[in-house]
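S.K.: Can you look at this prediction? I've put the sequence above it.
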Amino acid sequence: MKITQLVAAAAITLLSATSGHASTAASGKIISGTTFATNNAFQFMNDSTAGEYITSLTWNLTPIGGFFDTTNAGPGASSSGLQQGAASDDVGAMFPTNAFQDGLQSLTILFGANSFSSGERFIFGVDTDFFSCIDCTGINGNGFVGATVSAVFSNGETRYGTYTLTNEAGFGSKVGITSVSPVPEPETYAMMLAGLGLIGAIARRRKQKQNA
């Protein structure tokens, strides 16, 4: 195999290791103007193959510098606790207590066994704020761009996704749970690029020796 082919093969291998593309298993959106004092901001669908249930969902606001403000105690004074939306399907959602959740950047919601099935929708609300602007207006729908979410399924598989911008309702964010591995950190991409650079340098040296 030629050196250029080796480089290409290495690149594909590294990209596959960090992305783990797969068909969408679940999806969500946040199109409310703000998540404060609402019960329908977070909307999530189980788009998996029939027979696969979602057993838990975890939202992580660390990448956007946000947190869940569930009580009137600090870090935020104004708050709205976790509450399931009236239009949500009965998926057996089990929320952590508001006192426990307050001020955290990660939220995990569990679901009853064989409850959150394919085709069902889970809707809930909770106050969220940026640490950089506590109690300003809450985090708007498109303010979640960059936040991550993971879903655990009844077959034991965990999949991940990152919120991106959507123009639905003129603003907002959406997420598709498509990756079978965690979203790579910037350091992972840096290591990948460094590795590709090293492989390229070796290839050039070998070519120079061959031409000498």
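M.R.: Right, received. Where do you want to start?

S.K.: distance of Thr38 from Gly125?
M.R.: 4 Å (CB to CB, to the nearest Å). In short, each C-beta sits where N, CA and C put it, glycine included.

S.K.: When those two are compared, which one has more neighbours?
M.R.: Comparing Thr38 with Gly125 by other CB atoms under 10 Å, the one with more neighbours is Gly125, at 23 against 18.

S.K.: does that one have beta-bridge partners, and which?
M.R.: Gln83 (DSSP bridges).

S.K.: Give me the pLDDT for it.
M.R.: Per-residue confidence (pLDDT) for Gly125: 95.

S.K.: For Ser48, see how far away it is.
M.R.: For Gly125, the distance to Ser48 - CB to CB - is 24 Å.

S.K.: just Gln101 next, same as before
M.R.: Taking CB to CB, one finds Gln101 at 26 Å from Ser48.

S.K.: which of those two has more neighbours?
M.R.: Each of Gln101 and Ser48 has its neighbours counted (other CB under 10 Å); Ser48 has more, 24 against 20.

S.K.: Need the residues touching each of Thr38 and Gly125.
M.R.: 32, 80 (CB atoms under 8 Å, 6 or more residues apart in numbering).

S.K.: So, low pLDDT: which residues of the chain?
M.R.: 1-24, 183-204, 206-212 (pLDDT under 70).

S.K.: Tell me which stretches of it form helices.
M.R.: Ranges of helices in the chain, per DSSP state H, are 3-19, 98-101, 186-211.

S.K.: The shortest one: which residues count as buried?
M.R.: Burial within helix 98-101, assessed by neighbour count using 16 or more other CB atoms under 10 Å, is assigned to 98, 101.

S.K.: centre of the chain versus that helix, how much separation?
M.R.: 21 Å (CA atoms, centre = their mean, to the nearest Å).

S.K.: Which strands or helices does that helix pack on?
M.R.: Here helix 98-101 touches no other helix or strand, going by 3 or more CB pairs under 8 Å, 6 or more residues apart in numbering; DSSP states H and E.
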